[in-house]
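J.: no FASTA, just this:
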Ligand SMILES: C[S@@+](CC[C@H](N)C(=O)[O-])C[C@H]1O[C@@H](n2cnc3c(N)ncnc32)[C@H](O)[C@@H]1O
């Protein structure tokens with residue numbers, strides 16, 4: 001059984017490169033995001049057959065919320081390789097797995113644009129909300145395909161239609177906020193609607209797409225999932241101001257509009273749509 005180990009190969013450059021940041025607030029926000037979508041994720045993993053003994057890669061693992069869940073599912077006879085560029089996130093992932101008593105996780109600090117993902121032969125890969133942030137999705141897909149055994153499964157949860165991010169009734173400052181989020185990702189070489197390109201890239205990498213499901217929810221302030229826009233907006237207003245994409249006054253208006261939506265039980269919010277894509281290596 002593999003032991004927890006660190007194979008640091010990349011520098012701290014990574015933490016400043018990531019457009020959403022790697023501070024404590026973002027780390028906690030990713031946890032909330034994981035809890036909101038966990039039922040969908042767990043259903044997907046079970047449907048494709050992830051179980052005891054599987055070897056799975058968590059590609060762009062962040063602070064390891066999914067990593068720890070996967071490690072529990074594959075059990076001591078299986079293993080998870082968590083690959084992440086941010087040293088801070090990887091430390092958090094390591095600590096999370098340690099606290100949960102998981103010893104079947106290997107942690108590797110690496111840039112997905114440079115490194116191959118280790119010895120081929122993995123049964124599955126899990127890649128969520130990563131492809132939008134890399135400079136070359138083709139390289140990412142090539143790396144993933146190269147790490148899987150023939151018949152191995154690549155599983156993605158990646159945005160395809162970010163513009164579905166919408167409050168009802170419509171709120172103009174929040175509309176502009178969503179546009180600026182997308183623009184900020186594109187300005188750093190990413191693509192918010194990256195999932196649209198994945199079927200073609202997977203085919204070119206020798207993978208056969210076997211399932212695609214849209215994942216989107218419309219929620220009210222009383223729903224737990226409402227906490228997702230709440231935390232995302234609070235953190236990213238600050239981030240967009242730092243990046244010079246929102247003025248102080250525009251940022252305040254975004255927060256005022258969100259508070260108004262939050263206080264109105266008739267408000268609805270539609271999440272940015274992502275695709276669940278399952279592909280098999282030929
Ligand atoms: C939105 S977070 C998602 C984290 C995790 N997959 C999850 O679902 O909670 C995106 C992650 O991708 C990582 N990332 C972005 N570009 C990367 C690259 N080139 N190499 C490795 N990791 C990268 C970031 O550091 C961050 O942890």
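T.: Nice, I can see it. What you are looking at is a predicted structure, and each value in this text was computed from that prediction instead of being measured.

J.: CA only for contacts and neighbour counts going forward, please
T.: Noted.

J.: In the stretch 1-150 of the chain, mark out all the helices, start to finish.
T.: In the stretch 1-150 of the chain, the helices defined using DSSP state H, counting those that start in this stretch lie at 13-17, 24-48, 65-74, 87-99, 137-147.

J.: any idea how far residue 101 is from residue 108?
T.: From residue 101 across to residue 108, the span is 19 Å (CA to CA, to the nearest Å).

J.: So for the two, which sits in the more crowded spot?
T.: Shown here are residue 101 and residue 108; by other CA atoms under 10 Å, residue 108 has more neighbours (23 against 11).

J.: My read is that that one contacts residue 84, right?
T.: Yes. Using CA atoms under 8 Å, residue 108 is in contact with residue 84, at 6.5 Å.

J.: which residues are in contact with both of the two?
T.: Overlap of the contact sets of residue 108 and residue 84 (by CA atoms under 8 Å, 6 or more residues apart in numbering) consists of residue 90.

J.: Select the longest strand from the chain.
T.: In the chain, taking DSSP state E as the definition, the longest strand is strand 148-161.

J.: anything in it near the ligand?
T.: No. Judged by CA under 6 Å from any ligand atom, strand 148-161 makes no contact with the ligand; its nearest approach is 8.4 Å.

J.: helices or strands up against that strand?
T.: With contacts defined as 3 or more CA pairs under 8 Å, 6 or more residues apart in numbering; DSSP states H and E, the packing partners of strand 148-161 are strand 122-128, strand 273-281.

J.: Just want the angle from it to strand 273-281.
T.: Interaxial angle, strand 148-161 versus strand 273-281 (axes from the mean of the first three to the mean of the last three CA atoms, to 10 degrees): 160 degrees.

J.: Would you mark the buried spots in stretch 51-70?
T.: 51-52, 54-70 (16 or more other CA atoms under 10 Å).

J.: ditto for stretch 115-131
T.: Neighbour-count burial for stretch 115-131 [16+ other CA under 10 Å]: 116-118, 122-131.

J.: least confident pick among those?
T.: Ranked by pLDDT, those bottom out at residue 118, which has 70.

J.: Contact partners for the residue lying closest to that residue once chain neighbours are set aside?
T.: The shortest distance from residue 118 to any non-neighbouring residue, by CA to CA, 6 or more residues apart in numbering, is to residue 147 (6.6 Å). Neighbour list for residue 147: 116, 117, 118, 119, 120, 121, 122 [criterion: CA under 8 Å, 6+ apart].
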